[in-house]
Structures are given as C-alpha cells and as structure tokens.
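Q: here is a sequence with its predicted model. Questions after.
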Amino acid sequence: MGRLNKIILIGHVGQDAEVRYTPNGDSVASFSLAVSKRYTNREGQQIDELNGLE
C-alpha cells in the first residue's frame, strides 16, 4: 500500500503545472513556486528575500 504525504506551501506559482504519468499510471505534477520573506537585519534595514522552488 502506498503512503500519502501532505505538505502545504504558500507562494506564487510561476507557471501552469506540467502533469506527466509514471509507467504504472500514477500522475505527477511539476511547477515552480516563488516564496518571499521580509525581515530586518542587524543594521535595521528591511530585507526582501526571494526563494524559488522547482
């Protein structure tokens, strides 16, 4: 029996998901996701950091 994993990601989807199928018929979706983070550094400057996931 297969296992189910759940993950919640919040961000901006870069493009439509690309769906493909494994040889046994399972579907797999691929997409890019950008996540931004804002924080204040030690000097008091606001820093916007952008991280991309694929």
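A: Sure thing, it's come through.

Q: beta-bridge partners for the spatially most central residue of the chain, please?
A: In the chain, the residue lying closest to the centroid (CA atoms, centre = their mean) is Leu33, at 3.9 Å. When bridges are called by DSSP bridges, Leu33 pairs up with Val13, Leu53.

Q: distance of it from Glu43?
A: According to CB to CB, to the nearest Å, Leu33 stands 30 Å off from Glu43. Glycine gets a C-beta too; all of them are placed from N, C-alpha and C.

Q: could you list the low-pLDDT ranges of the chain?
A: 1 (pLDDT under 70).

Q: how close does the residue nearest to the centre of the chain get to Gln45?
A: Going from Leu33 to Gln45 by CB to CB gives 26 Å.

Q: likewise Gly52?
A: 23 Å.

Q: likewise for Ser32?
A: 28 Å.

Q: compare the two (neighbour count), which wins?
A: Set side by side, Ser32 and Gln45 show more neighbours around Ser32, with 14 against 8, by other CB atoms under 10 Å.

Q: quick check: the more buried one touching Glu54?
A: Yes - counting by CB atoms under 8 Å, Ser32 does reach Glu54; the two are 4.9 Å apart.

Q: and Ser27, what does it touch?
A: 19-21 (CB atoms under 8 Å, 6 or more residues apart in numbering).

Q: kindly indicate which of those residues lies nearest Lys37.
A: Nearest to Lys37 among the contacts of Ser27: Val19, at 29.2 Å, using CB to CB.

Q: which residue ranges of the chain form strands?
A: Assigned by DSSP state E, the chain shows strands spanning 12-13, 18-21, 27-30, 33-40, 46-53.

Q: among those, which comes closest to Asn5?
A: strand 27-30 (13.2 Å).

Q: can you list the strands that the closest one pairs with?
A: Counting by DSSP bridges, strand 27-30 is paired with strand 18-21 (antiparallel).

Q: for Ser30, see how far away the closest residue to Phe31 other than its chain neighbours is.
A: Nearest non-adjacent residue to Phe31, counting by CB to CB, 6 or more residues apart in numbering: Ala17, 4.2 Å away. Distance, Ala17 to Ser30, using CB to CB: 7 Å.
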